[in-house]
Each structure stands twice: as structure tokens, then as C-alpha cells.
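Here's my sequence, what's the structure:
(one chain, ligands or ions: 1)
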Amino acid sequence: MRLSDRVKGISPSPTLAVDARAKKLQAQGVDVVNFGVGEPDFDTPEHVCDAAISAIRGGFTRYTPAAGTMELREAICARLGRDLALEYRPDEVVVSVGAKHSLFNAVMALCDPGDEVLIPAPYWVTYPEQVKLAGATPVIVPADETHGFRVTRDALEERVSRRTRLLILNSPGNPSGAVYRREEIEALAEFVVARDIYLISDEVYDRLVYDGHRHVSPASCGPEVKARTVLINAVSKTYAMTGWRIGYAACHRDLARAMGEFQGHVTSNPTSISQKAALAALDGPDAPVEAMRREFERRRDYMAAELATMPGMTASVPEGAFYVFPNISGLLKPQSGGNHRFAGSDDLAAFLLEEARVATVAGKGFGSDLHLRFSYATSFERIQAGVARLREVLARL
Ligand SMILES: Cc1ncc(COP(=O)(O)O)c(C=O)c1O
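You can find the predicted model right below:
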């Protein structure tokens, strides 16, 4: 079949692929510990489910405005005000089918073929693919592991060009768990303004920060950078609502209008029922969010400490999200610093799945073949079981 060049250029999502492989093994009766997942293992809070059921029963089952209901956009503005002291109006907010969709709208509304987009590595797998779909060119900027995987202004200055249109920033970060400090965010905000470019700030893990750190949005660094920032968030990770598919973008009104119109021709509105559920989540109690955060922090402490002492691995303690991203170069072939047989992260991930029945995601898809991503969005007991299996298999090498 003749497919468009556009879709032929897409790399399949490695995170979804590993999840599919792990689930296939599980379906065959194999007991796999799944560290590959990118979603909270908690249930959606009860009051959120109740709101959705009421929406169905009450007949709230028709089209809504393409950019989302007014009440939900108002609740999003209130939340941005409450959590980040940011002032947005409902006409500066677009609700979409998950943060992924919000990101796509933003990239499509901002980039033309020939534009370049700065993406710090390691990066979430979807960014380069969306940039390519828009006909633009991803420019990968390494964020040093010794600097906690947080990109510096100097590194960005080395790669910026006349064609640079956009920087995509993700803090707290997937896969590294990196959380940028206020002064670092301020330096990047200055860079964006000085270079006259736009910034997509993916903040989907903003409530999952540990050790007393606070999430800082670049949009809070002054009106100039706020006008150039597309703040992306979702209810997915914060409220354990990945399947409900509600994300949002907050940005300059002209851009929001363009994104809303674009979305109007691609999906129309996000699901009416899910919008009611998202409203209940945003307006509801904070206790379930904080309880989940505390449990993630407990798991992180355990998992990072265990992985740091695994044969051949080194791991720092991530400060946000729900992933540990250890360096595996000690397990790779000599040219990568180790004395083992593994050619790269793919090879090691496949070995761990087959031999230890532990699913992880190879760092290669995130822009680093020297790392492996472990999600701790699974119960403490399963994490302990998986860690024991890894230790046993790696000790045999
Ligand atoms: C950094 C990052 N951004 C966006 C998303 C997508 O979120 P959503 O499920 O709301 O589309 C994910 C999901 O894994 C993510 O890790």
C-alpha cells in the first residue's frame, strides 16, 4: 500500500511496544513485573467517577464547544491561579484529548516545514515524532547526566539557529525525573525571550515532585515569556485519569483560538463525559493527589536505592514524575564502557524481559542508549519482587 511520507517517517512508540509485549506474556500466563508502564496504578477517585456517571444519566452526552466547556476552562484557570499564581482567562485555554493531543495542537499551530525545534535529551518519545509530523526538524540538545539531566542555556545556545522556532521543555521530566530549579527556569525563560522563539512547557507531572521541591512554570517568569509559552497539563497523571483523555493548553489568546479551530476540524471537542469528570477532579479535594504523591515518593526512595546498587548500573535519585533512569553502561559492550555482551539498551531490555520477566523501556527511544527507564507506578510489593529478580539475573552475568 502506498502510504504518505508523513506517516512512513514515524517511529513506533517504544513505551507502548514494551507494554504490549509484557501484556502478551502475561496473557500467556507468564508472571511479568511491569516497570514499563507510564500511568499511575491507582484508581480514579470515586467522586470523579460519580461525576461521569451523573453526566451520562443527566444526558450530558452531546457535542460541547470544540475547545471545551466554559465551566471546565474556568476550573483550569482557577487551578493555574491556585497552584502557580498564574492568571489565565478561559479564552486562553483549550481542552483536548489528553496532553498528547494538546502538544500536537501546539506544534501544528506553531511550526512550519523548515522550522527547527529544540528538544533536550533525554526526551519523552513523542516530541520528535510530533515535530516531524508538522514537517519541522527536531534538534536534539543533550542534557548532561552529571547535571541531573537538566539542559543548560549554554547547551541550547550551541544548537539554536535562525530557523529555531520552538523549545520543548518538560519538568518534571519523563524519562529522567529531572525537576528544574527556579533559577534554571528563569535562565531558559530569558533565552526564549532573547532568541524570540516559543516555548512548549509540558507540566503533566507538576504535582509529582519530591524532597520538598516545588514545580516552577516558565510562564511565571514574567509577561514576556508567558506570552510565548504554551503551558500543557492534563488530569491524566495527577488524578490517575489516563484513560479519560483530558489534557489542556494555556497560552496567548490568538494561539488558543488557532489551536481550538484546528482541533475543531480534527476531533471536535474532547468527550463531554470526561470533561465533567475532569471538572470534578480539578474542583475536588486535594487529599487523593497528595496521598498518591506520598506513596510514589516512598516507592522512589526504595527503587532508586536498589537500582543504584545493581551490578553494572548507576542511578541518581530522581526528584519528580514516577521513573528511575539508571545508567547501564557497565552492562554494555566494551565500547560503551562495560565488559558485557549487550549491544545497547534494547538488547538489555529484551534480556531482562526474557530472563527476569521484568519489563523496562530501553533508553534508546528517549534519546539515550546508555540508560533504561523503570517506572515505579506499580505496587510496592511488585517493585520488591521485580528488584529481587533483577538482582538475581544480573548477579549471574
Ligand atoms: C511527559 C509527558 N507528556 C505528556 C504525556 C501524555 O499525557 P496524556 O496521557 O494526558 O496524553 C505523557 C504520558 O506519558 C508524558 O510522559
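
can you pull out the helices in the chain?
Assignment of helices within the chain using DSSP state H yields the ranges 5-8, 14-27, 46-57, 70-84, 99-110, 126-133, 153-159, 182-194, 223-228, 253-266, 272-283, 287-308, 345-351, 380-395.

can you tell me which of those comes nearest to the ligand?
Counting by CB to the nearest ligand atom, the ligand lies closest to helix 99-110 out of the helices of the chain; the figure is 3.4 Å. Heads up, the C-betas are built off the backbone N, CA and C, glycines and all.

mind listing what's buried in that closest one?
Buried residues in helix 99-110, counted by 16 or more other CB atoms under 10 Å: 99-110.

same deal with stretch 387-395?
Those buried within stretch 387-395 under the rule 16+ other CB under 10 Å are 387, 389-390, 393-394.

go on, stretch 342-353?
Buried-residue list, stretch 342-353, by 16+ other CB under 10 Å: 342, 344-349, 351-353.

Turn the buried residues of helix 99-110 into a markdown table, columns for distance to L133.
What follows is those, written out as a markdown table (distance: CB to CB, whole Å):
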| residue | distance to L133 |
| --- | --- |
| A99 | 16 |
| K100 | 12 |
| H101 | 13 |
| S102 | 15 |
| L103 | 11 |
| F104 | 7 |
| N105 | 12 |
| A106 | 12 |
| V107 | 8 |
| M108 | 8 |
| A109 | 13 |
| L110 | 13 |
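
Near the ligand, which residues of the chain are found?
When proximity is defined by CB under 6 Å from any ligand atom, the chain lies next to the ligand at 38, 98-100, 124, 170, 174, 202, 204, 234, 236, 242, 247.

Go ahead and build a ChimeraX selection from the buried members of the residues you listed.
Only the buried entries of those go into this ChimeraX selection, using 16+ other CB under 10 Å:
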select :38,98,99,100,124,170,174,202,204,234,236,242,247
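
would CSV of the residues of the chain next to the ligand with pLDDT be doable?
Output for the residues of the chain next to the ligand, formatted as CSV (pLDDT from 0 to 100):
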residue, pLDDT
G38, 87
G98, 98
A99, 98
K100, 98
W124, 97
N170, 98
N174, 98
D202, 98
V204, 98
A234, 98
S236, 98
T242, 97
G247, 98
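
when you check the residues of the chain next to the ligand against the strands, which ones overlap?
Judged by DSSP state E, those include 170, 202, 234, 247 as members of strands.

Spit out the contact partners of the first one.
In this structure, N170 makes contact with 120, 123-124, 127, 201-202, judged by CB atoms under 8 Å, 6 or more residues apart in numbering.

Could you identify the most distant pair in these?
Y123 and S201 (13.7 Å; CB to CB).

List the contacts of the nearest residue to A343 once chain neighbours are set aside.
Leaving aside its chain neighbours, A343 sits nearest to K333 (6.0 Å; criterion: CB to CB, 6 or more residues apart in numbering). K333 makes contacts with 340-343, as judged by CB under 8 Å, 6+ apart.

same thing but 10 Å
Neighbouring residues of K333 by CB atoms under 10 Å, 6 or more residues apart in numbering: 339-344, 347.

Could you dump those residues into a markdown table with pLDDT added?
Converted to a markdown table, the contacts of K333 look like this (pLDDT from 0 to 100):
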| residue | pLDDT |
| --- | --- |
| N339 | 73 |
| H340 | 77 |
| R341 | 82 |
| F342 | 92 |
| A343 | 91 |
| G344 | 92 |
| D347 | 91 |
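
nearest to T69, of these?
G344 (46.7 Å).

What residue, apart from its backbone neighbours, is nearest the closest one spatially?
Per CB to CB, 6+ apart, closest to G344 is D369, 4.6 Å.

domain assignment for the protein?
Domain segmentation of the chain under automatic domain parsing yields 5-43+288-395, 46-283.

In the stretch 251-397 of the chain, what residue lies closest to the ligand?
A321 (7.4 Å).

how deep is that residue tucked in, by neighbour count?
Close neighbours of A321, defined as other CB atoms under 10 Å, add up to 30.

on that earlier part again, least confident of the domains of the chain, on average?
For those, mean pLDDT drops lowest on domain 5-43+288-395, to a mean of 92.

starting at the chain centroid, how far to that one?
16 Å (CA atoms, centre = their mean, to the nearest Å).

and what of stretch 221-237?
15 Å.

Quote the end-to-end distance of it.
By CA to CA, to the nearest Å, the extent of stretch 221-237 from end to end equals 25 Å.

Most proximal residue of the stretch 51-200 of the chain with respect to the ligand?
For the stretch 51-200 of the chain, CB to the nearest ligand atom, closest residue to the ligand: G98, 2.8 Å.

mind listing what that residue touches?
Counting by CB under 10 Å, 6+ apart, the residues that G98 touches are 104, 204, 234-236, 241-248, 270, 274.

Likewise for A349?
A349 neighbours (CB under 10 Å, 6+ apart): 14, 18, 21, 35-36, 328, 342, 358-365, 372-373.
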